[in-house]
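**Student:** Here is my input, please return the structure:
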Amino acid sequence: MEKNLKNGSKKRLKKKLLVSGILIGMLLVIFLAGYFSISSYFKTHFFPGTKINGIDCSRMTVEKVKERIQDGLQGYSLIVKERGDNSEVITAEMLSITYVDDQGVEKLLKKQEVYRWPSAIKGDKTYETAANIAYNKEGIDQVLDKLKCFQPDNVTAPVNASMEETEEGFSIVPEQQGNTLKREEVKNAVLDAVDTGKTEIDLEALDLYEKPEILSTNEELNARVQQLNTLISANIIYDFEDRQFTVDKKLIKSWLVKGEDGSYSINQDQAANWVKEMAYETDTYSLTREFQTSTGQTITLPKHRGDYGWVINRDKTTQALLEAIQAGVQETREPEYLYKGVDRKKNDIGGTYVEICISTQTMWCYKNGNLVVQTPVVTGNHATGHDTPSGGVWAIDGKKADFDFKKYRAHSDFWLPFNGDVGIHDANWRTPEQYVPTTYETNGSHGCINTPRDAMEKIFNTVDIGYPVVVYFSPDQVVGPEPTQTEAGV
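**Tutor:** Here you go, the predicted structure:
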C-alpha cells in the first residue's frame, strides 16, 4: 500500500514540473515574440525622445517624420537673444526654408540599435540631429539687415575707459560696452544654428559684441591717473613773511604736458618761468631801495651799490620744485639762494642793522627795530681820497674780536668788516675830542668807521655776519665822494 502511495506522489510531481516547464517555455516564447516584435517595430519607427530639428519624432515612421519635418519647417523660428534682455526672431519664411529629401531620415533610422529599445524607452535621452534642408544662405545679409540690432539708429559703439579732470583731480570714466555686433561672426552663428536645427542663440554668451579696447581696470590708465593725482596733490608755499607764492593744484594743472607714450610730466620751461617771476619780485641784491633814516627822512639807495640782499638760484629752485611736485609734497619751504640777506620781507633790511651817515659822522645800531646805539664816528679821510664808500647797503662779512691790523700795527677789540678792507672797529688811538663831524675831512681813517670802544662793543654784540650796514653821505646826497685811493684799513 505504501509503495503505491509513493509512486503516485512521484507521478504527480513529474506532472507538475512538466506543466511548469511548459508554462515557462510558453512565457519565454511570448516574451521573445514580443521583444522581437517590438524590435521589428523600431526598425520602421524612431525611438521615444528622438528629435529632428526640434520636432518630436517619437514612434514615427520615416514617412511620418518627413511629413512632420515638412510641416514643422514652416513653423521653425530662431530666437536671437541680444544684450539688454532684448530678443528677436528669425522665421522660416524669412529664411525661405524648404525640406530636401536626401534619405537622411532613413539613415538616421538605420543608425538606431533596435535591439536596445528597452533602454531607449526607459531613458530620458534626447536625440538631436539635423535633417537636410535648403534655405537662402545668400540672402542671410538681407535677413540680418531687418533685425533691430543692426539698425544704425539702434547701434551704440563701444567706448574706451578714459580719464577726466574734475575739481578734485583726475578720475577714470568707465568704459561703455555699447551694442555693436561683429556682423560676420553673427552671420556665421545664425547659419550654424539653422544648419544644426537650433532654435535659440545668445549673442552675449557667444561673445559676438565688439568690446572696448581700454577697460577701467587698465593698468596703464590707472597708473596715469595715479601719477597725475600725485602731481597735482603737491602744494608748495614760498613764504616771504609779508607775501607768499604758492604752487597749487590749479597752477600745476596748467603746467601738465602729455608725452608721446601717454604719460604726463611738468613743463619745465613753465615751472622755470614761474620761478623767474618769483625771483623778479623778491630778489633785492644790488637793487634800488627805499630807506627811512634815523632822522625820519626817506632816501632812495640806488642800484648796483653794495652787496647786501637776496638772489634766488633759479636753476636749483626750479629743480627742487619739480622734484617736490613729482613727490606730491605739501609744505612751506624756502627757495634755493645764490645770496642771502637777513629779512625776507619787502624791506629786506629788516629791524636789525647798522646805519651810517657820513655828513653828520653819526652811526646808529638797531635791534628788532629798537635803537641800541647812537654814536659819533670818524670815517674815511676825504683830504687823502680815502672816502668811505656810500650810497648802498653792504652785508657784514666777518666778526672778529682782538683783531690786529698788521699793516698799520694797530689793534682793535672788535672788528666788523663789510666792504672788503672797509669795516667798523673801535680805535683806541682816537681821543673823545676827535669824534666830531669835521675830523674825517682831514684826519679821517683809510676808509673804515672808527668807533668809540663802548659803542663798538654794543654793536659787536648786536649784529652778526650777514646783517646789513646802510651807508649814505647825507639825506639830501645819498652817494658821497668816491674814494680815489684803493688802499683801505684803519
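**Student:** Domain ranges for the protein, per the record?
**Tutor:** Domain assignment for the chain by automatic domain parsing gives 1-38, 232-285+307-339, 353-472.
**Student:** Please work out which of those domains is packed deepest.
**Tutor:** domain 353-472 (a mean of 19; mean count of other CB atoms under 10 Å). (Each C-beta comes from the backbone N, C-alpha and C, glycine too.)
**Student:** Rounded mean pLDDT for that domain, please.
**Tutor:** On average, the pLDDT along domain 353-472 is 96.
**Student:** got the end-to-end distance for it?
**Tutor:** Length of domain 353-472, first residue to last, CA to CA, to the nearest Å: 14 Å.
**Student:** what does stretch 193-207 give?
**Tutor:** Start-to-end span of stretch 193-207 (CA to CA) is 15 Å.
**Student:** Figure out how far it is from the centre of its chain.
**Tutor:** Relative to the centre of its chain, stretch 193-207 is centred 43 Å away, using CA atoms, centre = their mean, to the nearest Å.
**Student:** buried residues in that stretch?
**Tutor:** 193-194, 197-198, 201, 203, 206 (16 or more other CB atoms under 10 Å).
**Student:** Tell me which two in those are the farthest apart.
**Tutor:** 197 and 203 (18.7 Å; CB to CB).
**Student:** quick one on the thing from earlier: kindly indicate which of the buried residues of stretch 193-207 lies nearest residue 346.
**Tutor:** residue 203 (72.6 Å).
**Student:** that's a helix at residue 24, yeah?
**Tutor:** Yes - counting by DSSP: H, G, I helix; E, B strand; the rest coil, residue 24 is found in a helix.
**Student:** How much space separates it from residue 324?
**Tutor:** 105 Å (CB to CB, to the nearest Å).
**Student:** what do you get for residue 18?
**Tutor:** Between residue 18 and residue 324 the distance is 115 Å, computed by CB to CB.
**Student:** Where does the prediction get shaky in the protein?
**Tutor:** The chain contains residues with pLDDT under 70 at 1-8, 25, 29, 31, 34, 53-54, 72, 121-131, 488-489.
**Student:** need the longest strand for the protein.
**Tutor:** When the chain is scanned for its longest strand (criterion: DSSP state E), the result is strand 410-419.
**Student:** and that one, what does it pack onto?
**Tutor:** strand 392-395, strand 400-405, strand 422-426, helix 453-462 (3 or more CB pairs under 8 Å, 6 or more residues apart in numbering; DSSP states H and E).
**Student:** at 6 Å instead, please
**Tutor:** Using 3 or more CB pairs under 6 Å, 6 or more residues apart in numbering; DSSP states H and E, the elements in contact with strand 410-419 are strand 400-405, strand 422-426.
**Student:** mind listing what it pairs with, with the direction of each?
**Tutor:** strand 400-405 (antiparallel), strand 422-426 (antiparallel) (DSSP bridges).
**Student:** Export those strands to TSV and append columns for distance to residue 280.
**Tutor:** Output for the strands paired with strand 410-419, formatted as TSV (distance: least, CB to CB, whole Å):
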stretch	distance to residue 280
strand 400-405	37
strand 422-426	31
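**Student:** what about the closest residue to residue 247 other than its chain neighbours, helix or strand, and which?
**Tutor:** Nearest residue to residue 247, sequence neighbours excluded (CB to CB, 6 or more residues apart in numbering): residue 236, at 4.4 Å. Assigned by DSSP states H and E, residue 236 belongs to strand 235-239.
**Student:** Next: residue 364.
**Tutor:** Counting by DSSP H and E, the element that carries residue 364 is strand 362-367.
**Student:** picking that back up, relative to residue 204, how far out is the residue nearest to residue 247?
**Tutor:** 51 Å.
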